[in-house]
Structures are given as structure tokens and as C-alpha cells.
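Colleague: Just to be clear, the model below is a prediction. Sequence and coordinates:
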Protein chains: 4
Amino acid sequence: MLLTAGARGVFPIAPTPFFDDGRIDTASIDRLTDFYLGCGATGVTVLGEAPKLSHDESVAIATQMIRRASALPVVVGVSAPGFAAMRALTHDVMARGAAGVMIAPPNTLRTDDQIASYYAQASQAIGTDVPFVIQDYPLTFSVQMTPAVIRRIVAESPACVMLKHEDWPGLEKISALRGYERDGSMRHIAILCGNGGLFLDYEMERGADGANTGYCFPDMLCDVVRLSAAGERAAAHDLFDAHLPLLRYEQQPGVGLAVRKYVMKRRGLLASDAQRKPGGALSATAQEEVDYLLQRLARHDARARLD
Amino acid sequence: MLLTAGARGVFPIAPTPFFDDGRIDTASIDRLTDFYLGCGATGVTVLGEAPKLSHDESVAIATQMIRRASALPVVVGVSAPGFAAMRALTHDVMARGAAGVMIAPPNTLRTDDQIASYYAQASQAIGTDVPFVIQDYPLTFSVQMTPAVIRRIVAESPACVMLKHEDWPGLEKISALRGYERDGSMRHIAILCGNGGLFLDYEMERGADGANTGYCFPDMLCDVVRLSAAGERAAAHDLFDAHLPLLRYEQQPGVGLAVRKYVMKRRGLLASDAQRKPGGALSATAQEEVDYLLQRLARHDARARLD
Amino acid sequence: MLLTAGARGVFPIAPTPFFDDGRIDTASIDRLTDFYLGCGATGVTVLGEAPKLSHDESVAIATQMIRRASALPVVVGVSAPGFAAMRALTHDVMARGAAGVMIAPPNTLRTDDQIASYYAQASQAIGTDVPFVIQDYPLTFSVQMTPAVIRRIVAESPACVMLKHEDWPGLEKISALRGYERDGSMRHIAILCGNGGLFLDYEMERGADGANTGYCFPDMLCDVVRLSAAGERAAAHDLFDAHLPLLRYEQQPGVGLAVRKYVMKRRGLLASDAQRKPGGALSATAQEEVDYLLQRLARHDARARLD
Amino acid sequence: MLLTAGARGVFPIAPTPFFDDGRIDTASIDRLTDFYLGCGATGVTVLGEAPKLSHDESVAIATQMIRRASALPVVVGVSAPGFAAMRALTHDVMARGAAGVMIAPPNTLRTDDQIASYYAQASQAIGTDVPFVIQDYPLTFSVQMTPAVIRRIVAESPACVMLKHEDWPGLEKISALRGYERDGSMRHIAILCGNGGLFLDYEMERGADGANTGYCFPDMLCDVVRLSAAGERAAAHDLFDAHLPLLRYEQQPGVGLAVRKYVMKRRGLLASDAQRKPGGALSATAQEEVDYLLQRLARHDARARLD
């Protein structure tokens, strides 16, 4: 099953579960996958903490997810400083049934030409038959892609089928891209939104097809995307707003993954909230803050009642 | 009245009001100042859109605010690429009664030594009798100051009395700085928080003294700071959370000022939401989104009922 | 006399002479200007250490140079974080007879659209009748302009008449721009090269019109440009290569200006090599190194015999 | 044979030889290694174009060099975005006889603490028994290490034995580090200089132990280091200066490797000057320029007579 431009819904970014000693926790991978299947996810994106995984570990984790989530397309993050590693990982996971790969731009790219060339070369390097997702995340990668550059990548690389949209601000960008589709200057691609989900409520209204982020309540993301797609605007915002205080807290760079894993552990999805080194841990104060956020959230969403 | 390390409460970042044709709207400056006074602000920080103002305009706006808000300390942003312009503006506004100045680091600074030296030199350049505020905003300035560097600036520059804290993430930084005060390794300085207020709820609990940001409901900031200081945790969070969807929307880089001025115009605080060129305008869709955010907010906060 | 696209030859970047106590040394300004006139310069660009000058000082220095060098066009650097200061300085120096202004891009620009828009807006802000020079110096400004972006600026801003070319590497960029002129897709602009002159020998052969840099032997730059324009390839390279060890030494970021002023003081062009704070001084070891470089240079160029 | 702080002389940065079709040219690896041995190199650093090599290719190339250059220590560049890949490559090459590894900082590091922590964690990750070289190259990596930070790394990581010094400007940094050794605040480490060799003449005089760069005449580097160490100042500079025009040309970012391989091919050291994609090729004009540089160099150095 290959990823197509018709993708929609929620592709959670799956964290990589570790035991406290740094070993990979395969039981939690299964549990997490089952949870995604159960809550209405339409795909999954791996690999969390990718740079801390060896090539063989990356392939093993992706393979396990692909098998367990057989109904769902699994996208694998293959960003790398060079095409050799990118090609090797792509080849191995596609051979095991991955639906496509996600590629972030190296943070040395500046000009429009450099960005467009990079994606054309990357697609050539991994094989033009491999569907790929552009990760557009300037806050982290320092690479700024205008809508026109994305259109150019889409034109030059037939294998580009999805945008992981996490520019900030980004609402007008979604409108611009959908405008290109309407005026016939760009073929349709899926737009799934990241950025921790911080603007998912309005991104959906601007024409996004769903979410592609790792917020600790992927089930909420699925509900918001469903409600929004169904035109139930007030209900979508009510649910989203109830989660916003926690979601915003989880969206902090560097700290976010620790928050996410901590809540997922409290939800019983992960056996441990450990990260491989180097990785940030939550201070006792931060844990208390997250607990309080969950307690307040529980007034609105029963899924947050964790005691 | 000079700014001291005992400052607390809310210092709104005042936008500069323009007419649609780009002229400065002095009537709105008065109206805005009166509003700040009325809603409980304990100071004001100018100058919004500073790089678009000539030196003489900057001095005139600051002077008007200083006179009108005679009970409140007025802090003037004097960041500049060189010390000549910084010194000139500082001199002129201090002579007219400003309480102090705010200085952001030039985005070429990298090492701890460079940052500490810069502030020591800046303080020498403007006069060591002029109280100054460090603006710590890595997201915009790309300069990362550790708590230890801030401690060093405080030690080396007696005129440093306040931190405009807008690191992101920044909660642990507040805790670290307050820890330095407790262990006696740093004298007390005021910490007022920026970042659009996105973490004000927990920043207050970590030891911040208040807010120093331009959110379009400064009255809400005053209430949250008051409730939090009074230990009314749930009430503080309830009010903050009601505003969070709008506050988050206003926090978008580049777009935020347009949102802020649009709401302030709708609130009757500004005659126009115009920015001087170059400046972003709100699209019709974005205006509708802000209207909807206000409408939803009005269910919780009567101040948002604007029709 | 306004700057035109027909400019060629050498426009030295004039350092601003200070006394040891930081006051401006007007006598050295005259001496320097006379030297430029005498050695064959075809223009001059000011203002060295611009951020350390107040507006009034900047205008005074430019005015003095304009009067003294009446036969030569004087270009004034007016780069600023906002258009208010840029407009004010431009207005004042053009009123006093400046030939045009030079504008560097703010280092926040990333995309092609941002860069092109910036120059269009800047030209509108200062007046479309003011000839301007693009300063293309990615190493310092972190802004990368492709040849196509420069062509777009030239097309969108009729007032753009010159490129201060200091991309690195940049030889192919000159060839590309001259290619645009040949294929009729871009009108002619002057290309004068900076970067300390490090590639002036080959830049001339690629189609540059001259140099626009502050190397401490502007007379050598004039000779190399003249020899190269006259087709005396070997002689041009022989002279250039003799200076390259010193020129390379002077090209070090941060240190370069100290080297330049030290040599110009030794040459009798400046009364002092002082910089205004903050500014780097030469260590005793560095002075000895420069002395040795001069001594070795003197074997090939009598102008370096300074004892 | 493990790398020690007593290393000195020239460790050429070996390019990776490819055939025109991108396959690795093992015969040229042998030829290159023999040349290094013959011209007086005291070590070798691999891997050129590292990101374009798969893990297995990297190990194979390093292993071939280690065997062929059995008398010389071989240092392997293992920089990677995460410790998993860094650890894996380090383990495999050390098991095959590498002398140590070189580690560049990821370009997200900013504060002194972040830089020092990174090297401590990296050393832990690869094994504290593996000697490592700090690559200090701010121009490319955007990470600025003060002398004090380097001293801290040396103190915190006993396995740190060498600095590949390529800060720019960097002469005062060498003096500062050697000053730390003299005042007893830092143990001795080897300092070998990169930056294409652009300041090797004066770096040696400041206390560097040699060169660690890939200039196309490594034999010249060996001679200059030897002459300089022997106190033959004028002879060292005469030889260096003769090469400076070409060396400077080769030092252009992005283009440099193409120049280097082109000359090495002309010298008979490489069968092809091909780079793996993505990689820059020399234009016909650039080739002509390099040919002319070689022709001029041949007047001073017979090794440049290539016809």
C-alpha cells in the first residue's frame, strides 16, 4: 500500500518507546499501534528520536509497526545529512512495506533554487517510485519554503504526494496552496498538519486534510479532524479548546517529547517515558504542572481521567 | 521615577497607533494610555514598530506616553545595531522622564562571553545610571542566554533591573534564576514575561513578577497576574484558558501585530489597525477567524462582547 | 552627479578616521579623500563603522567627503533595521550631493520573494529617484541572493544601478549576471567587487567593472583594475599576487578593520588607527605579523616601504 | 596505534576518489595513500564527502587506508546528527585500526554549556577510550567555541587529544590556547590547522603543530610545516606565498572540492575528479583559471609543472 495524494485524517507521529535502560520496548510499540488503530488514525509516521537509532533499529521498528498496523499506511522519516543514508533506509523500509517516506530539508538551504533542487535530487536518490512527504518546519530547520516553492517541488517531483505542514504562521500558506489547486497551477497533494497541532482547529477550516503530529491525545486529534470535516464547527472548537492548555504546554521545543511520553505513560500507552540520551527529563515541578493540566482537562474530556 | 528591580504587575507593550495613511495617531496614544492606567497596568513599554519610526517620532511618542501616564513607569525599547543610535535615543527619552530602557541583543551574538560583553558595553554606552531591561527572546533574535549568562550580566551591570523573559521554553529558566536568588548567587531582578503571554499562567507560578507583552486584552493579563499573585490558582487558570485560543492566534510571528491591532480597534482603543510599511494585513479569512475567536471568548469574558 | 550603471574603476570603502579618544578626525578625512583622488579612484563609498556614528555625524562625514572629492561620486551606506532611519539618512546626504546609497539586506530575509520585496520597498521608502547599490555579502548578512533574484531586483527597481558583489564564492555569479545581460534578460548594471578584494584578479576577468572595497592599498586596486581592463593579464596578476598575503590577512572578519587602519596609519593616511568601541585592537603579535607582511611586500611594491 | 596529544606535522584530509559513474575508485585510494606516505605526511584524515557514503562504504574506505598507510595514524570523521550512527561508525573503524575520530558540533549548538555538554556526551557515546579531535569550523557549522570552551572540553573529556583548528579569524585563538598551556590551566593538545591552509604560515608561528587540510599540494603543506618548525621563516613564507593564489582559489566554499579533485587528477593522484551527487563541477572558465594558476605557480614550484 503506497501513500497517495488522497491521504487524509490523522497520521500520529509515533514516539519510539524505550525502557529506562535505553533498550527498545517492543511491547509498547504494539500497544501504541493498536491504540492508533482503535482511535481512528488513518496512518502512522515513524521514527521518533530517529538520530538516536541505528539503521538496523530503525528498520526493525518500522517493520514491526508496518506488520502490526497492516490496515494503515506507515510513513518513515528518512531525513539525513546525505543521500547515502537516506537511500539505504528508504530502500530497506519500502522493501518491508512502508507506504512512503518523509524528508526534511537540511538547514543549510536558503534560496528557492536550493530547496527545489534538493527535493528533486532526493527523489532521484531514493527512487522516483517512492512516495514522499515534504516536512515544512522552518522553526526547527530554518528553511523557509514559500507556497510557490512547494508548488515547484510538486511539479518537479511526481513522487511528492503530501505536505507535513508546520510552518508558523501557516494558515495563509494552506489557503495559498489550495488556491493553486483551484486555479489549476498545482496538482492536489495531501496537507496534514504538524506543529504539535497548535493551529489544527483553523488549519482544517483552511483546507488541510488532517493532522500529522504526536500530541499525547491522538484520539482527540482524530475527533477534531472528524468533527471539522463534518462541518460541526462549534463542537470541533469546543473539544480542541479544552485540550489547548495541555497541547500548548506539550508544544515547547526540547521539553515537548518529555511531556508527551509522560502523559502517554500515564495513559498506559508506554511502559516508560524514558528517552535515549541526550534527552530532556521533566522536572518535578513540570510533572506537577502536567498533572494539573490533565486534572483540569478531565473536567471536559473523560479520557484525561487517569487516576 | 526610575525603574527598579522591585517592579511587578503588567507592563503592556504598547503598539504605536497610526492612521491609515501612516501618520501617528496621537489621540489613540492617549486613549491607550488611559486604558492601561484604568485596567491596572503598573507600567508601560514602548515603542511598537520601532524601526519604522524616526528618532524624533520615537522621542515624541515616548514623551506623550510619559506625560499621560505620569503615575506609571515608562520603559523605552532602544535596541539598535550600534551604540550611537542607542545612546541618542536613551539620552533623549531619559531626559523626558522615561523610567528605563529595554535592550535586545544583536542577532550576531553567539558565545556566553559575547553576550555578557555586549550588555556591559551597552550599559557603559547609554550611561550606567540608566536602568535597563534585558530582552531575552531567542525565537526572534537567535541569541541564547543561559541562566548563568543572565546572572553574569546582572553581576557585571548594576543598572540591569529587569528581565523581559520570553525564552521558549522558559519555565525552567525562571526556576533557575529564582534559585540563584535563593542561594545568594544573584541579586533580585524583576522578571516580567513576554512571548505573547503564551505561558503566563505557569510563569507566574514559577516565580515571575508579571507580564510584559502586548496581548490585545491587557486587562486580562492584569487579572491573571493579580489572581495568581493572590494564590487563586483555579480562577487564574480559568480566565487564562478562556483567552488561550485567541492569545495563541495572536502569538503567530509576523501576523500577530495585525491581529492585535485589529482587536484593539474593535475594542475602541485604536482608531485604525494600520501598520506602517512594511507590515502585514489580515486577510478576510483571518478577520473572520478572529471574529469567531472573539465570539467564542465572549461566552466566558464579557469584555469580548464587542458588537 | 548621480551614480549610474556606467560606473567602473575603484570606489574605495573609506574607513572613518577617529582620534584615540573617539572624536572624528576631520583632517584625516581630507587627507584620505585627497589620496583617493590622487591614486585614481573613480568614486568613494562611506560610512565605515556606520553603526557607531550618530545621524548627524554620518551626515557631516559624508558631506565633507562630497565637498572634498567634488570630482568623484560619493556613495553612502544607509543600511538600517527600518526604513525610517534609512530614509532620513538618504534624504540628508542626497540633499548634500551624494551620488547614491548602498543598501544591505537585513539578515532575516530568506526566500527569493522576501529579498526582492525588500529592495522594492526600500527603493519606495528612500525615493525611486535615488540610485542605489545592492550589497550582496552573504558571509556577513546570511542572505543568499541568486543571480535570478538580483535580476528581479534590477527589473523591479529602476533605481538599482550597481551591485557590490561580495558573495563567496562569486565568480560564477558574475558570469551568470553578465550572461543575463548578453541574452537580453537583464539591463546592464555596474558590478564592483568587495570581499576585501580576495578574488579581484579573476572577478575582473569574469566581467566585473572594478572594486568596491577598503583594502589598505587602494592604489594597488586601481592599478590591478586598470591593468586588467587593459588586457595586461600577467602584470595584473603579478601585482595582485604580491599583495595577496597581506590582503588575505586583512580579510579576516572582525580583525580586518584593525589591520587596515594600522597600515593606513603607517602609510600616513590616518593620524590614528583607533576604532570607536566596541572595536578590536591588534595584538602585539598581530602587529609584528603585519609589519613582516609589509616588509615582504616591499620587495615587490615600493609603496610598501614604510620606514 | 592510537592518536595522542603529541601529534604533529600534516594530516591531509583525503578526498574520496570516485569514478565518473559514482563507484568508489579503490586504486586511487591506494595511490593517494602512497603519495601521502611519500611526501612526509604524519597521518591522514578520512572521509571526504562522508554524507554521500553508506556506512559500509565508509568502513571499507577507512579500512583500506588504515592497511595501506600502516605507518600512519588514520583519523576518521564520524560527525552525525545523532549518537547512534556516530557510535556505530566509530566502533567499526576503531576495530579495524583507526587511530581516532573527528567530531564536528551539530549546528544547533549555541551556548557554552551546550557545546561542552555535547562533546562530553559524544565521548561517552563512542567510548571514552577513543581519542577524538574537535573540529572547530564556525564558518561552516555556525558554532562558535571560545578558547575557554575548548579548555573546558579538554578538561571534561580526557579522550580529547587534538583540535582541528579552522576558526576564522583564528590566530589569536591559537595564542590563547597555548597561553592556557603555559599558565597550567589546560593540558597540551595537538593543534592542526584546517581552513584550506589559508593562514598556515602564521598559524605555525602562533604555536600550531601542523596542518589538517586537503589542499591539492599536501607536499607543499609538509614542506611549509617542516620549514616553519625548523625556524626557516623566510623560506616557509616564500613557498607558502607562491601557493597562496591557488590555495585561496581552492578555499572557496562549495567550489573548493571540485578544484582540489581537478588538480589532483591533473597531478595523477586521482583517476577522475568526479564527485558523487549532489556535487559541484568546475565550469570551463573555472578550469581555465585553475590551469592558469598552476602555470603561474610552476614558475616557483616545479611540482606544478603538469604538462
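Modeller: That came through, no problem.

Colleague: A:Asp34 belongs to a strand?
Modeller: No: counting by DSSP: H, G, I helix; E, B strand; the rest coil, A:Asp34 is not part of a strand but helix.

Colleague: Just the buried positions in the lowest-mean-pLDDT helix or strand in chain A, please.
Modeller: Counting by mean pLDDT, DSSP states H and E, the weakest-scoring helix or strand in chain A turns out to be helix A:138-141, with a mean of 86. Buried residues in helix A:138-141, counted by 16 or more other Cβ atoms under 10 Å in any protein chain shown: A:Pro138, A:Phe141. Using the backbone N, CA and C atoms, a C-beta is placed for each residue, glycine as well.

Colleague: Show me what the helix or strand just after that helix is packed against.
Modeller: Next in sequence after helix A:138-141, counting helices and strands by DSSP states H and E, comes helix A:147-156. Judged by 3 or more Cβ pairs under 8 Å, 6 or more residues apart in numbering or on different chains; DSSP states H and E, helix A:147-156 is in contact with helix A:112-126, strand A:132-136, strand A:160-165, helix A:171-182.

Colleague: which residues touch the least confident helix or strand of chain A?
Modeller: Residues from elsewhere that reach helix A:138-141, judged by Cβ atoms under 8 Å, 6 or more residues apart in numbering or on different chains: A:104-107, A:135, A:144-145, A:166-168, A:195, A:253, B:139.

Colleague: so which of the helices and strands packed on helix A:147-156 gets nearest chain B?
Modeller: Chain B lies closest to helix A:171-182 among the helices and strands packed on helix A:147-156, at 6.3 Å (Cβ to the nearest Cβ).

Colleague: okay, the least confident helix or strand of chain A in PDB with CA atoms only?
Modeller: C-alpha atoms of helix A:138-141 as PDB (Å, rounded to 0.1, in the frame of the first residue of the first chain):
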ATOM      1  CA  PRO A 138      11.000  26.400   9.500                       C
ATOM      2  CA  LEU A 139      11.000  26.900  13.200                       C
ATOM      3  CA  THR A 140      13.300  23.800  13.600                       C
ATOM      4  CA  PHE A 141      15.000  23.600  10.200                       C
END
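
Colleague: State the number of residues packed around the residue in the stretch 151-300 of chain A that chain C sits nearest to.
Modeller: Minimum separation of the stretch 151-300 of chain A from chain C (Cβ to the nearest Cβ) falls at A:Arg152, amounting to 10.9 Å. A count of nearby residues for A:Arg152, using other Cβ atoms under 10 Å in any protein chain shown, gives 20.

Colleague: burial measure for the nearest residue in space to it that is not next to it in sequence, as a count.
Modeller: Distances taken as Cβ to Cβ, 6 or more residues apart in numbering or on different chains place A:Ala116 nearest to A:Arg152, at 4.8 Å, with adjacent residues excluded. The local packing of A:Ala116 (other Cβ under 10 Å) involves 21 other residues.

Colleague: The one 10 residues further on now?
Modeller: The number of residues packed around A:Ile126, counting by other Cβ under 10 Å, is 22.

Colleague: next one: A:Cys222
Modeller: 20.

Colleague: Next, work out how far apart it and A:Met1 are.
Modeller: 20 Å (Cβ to Cβ, to the nearest Å).

Colleague: A:Gln121 too?
Modeller: 27 Å.

Colleague: A:Tyr215 contacts A:Leu221, doesn't it?
Modeller: Yes: with contact defined as Cβ atoms under 8 Å, A:Tyr215 and A:Leu221 form a contacting pair (6.0 Å).

Colleague: Compare neighbour counts for those two and give me the winner.
Modeller: Using other Cβ under 10 Å as the criterion, A:Tyr215 and A:Leu221 rank with A:Leu221 on top: 29 against 26.

Colleague: how about the residues of the stretch 151-300 of chain A near chain B?
Modeller: Proximity of the stretch 151-300 of chain A to chain B is confined to A:168-169, A:171-172, A:175, A:198-199, A:201-202, A:205-206, A:237, A:240-241, A:244-245, A:248-249, A:252-255, A:283, A:285-286, A:289, A:296 under the rule Cβ under 8 Å from any Cβ of the partner chain.

Colleague: Which members of those occur in helices, if any?
Modeller: Counting by DSSP state H, these place A:171-172, A:175, A:201-202, A:205-206, A:237, A:240-241, A:244-245, A:248-249, A:285-286, A:289, A:296 in helices.

Colleague: Filter those down to just the buried residues.
Modeller: Judged by 16+ other Cβ under 10 Å, buried ones among those: A:171-172, A:175, A:201-202, A:205-206, A:237, A:240-241, A:244-245, A:248-249, A:286, A:289, A:296.

Colleague: what's the nearest residue to A:Ala235 if we skip its chain neighbours?
Modeller: Spatial nearest neighbour of A:Ala235, excluding adjacent residues (Cβ to Cβ, 6+ apart): A:Leu227 at 4.9 Å.

Colleague: Helix or strand: which one has that neighbour?
Modeller: A:Leu227 is part of helix A:218-229 when elements are defined by DSSP H and E.

Colleague: so can I have CSV of the helices and strands packed on helix A:147-156 showing mean pLDDT?
Modeller: Compiled in CSV, the helices and strands packed on helix A:147-156 are given as follows (pLDDT from 0 to 100):
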stretch, mean pLDDT
helix A:112-126, 96
strand A:132-136, 97
strand A:160-165, 98
helix A:171-182, 98
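
Colleague: Burial check on the residue of the stretch 201-307 of chain A found nearest chain B, number of neighbours?
Modeller: At 3.6 Å from chain B, A:Gln252 is the closest residue in the stretch 201-307 of chain A, using Cβ to the nearest Cβ. Residues lying near A:Gln252 (other Cβ under 10 Å) number 21.

Colleague: Report the contact partners of the nearest residue to it once chain neighbours are set aside.
Modeller: Distances taken as Cβ to Cβ, 6+ apart put B:Pro169 closest to A:Gln252, at 3.6 Å, once the chain neighbours are dropped. B:Pro169 makes contact with A:Gln252, A:Pro253, A:Gly254, A:Val255, B:Phe199 under the criterion Cβ under 8 Å, 6+ apart.
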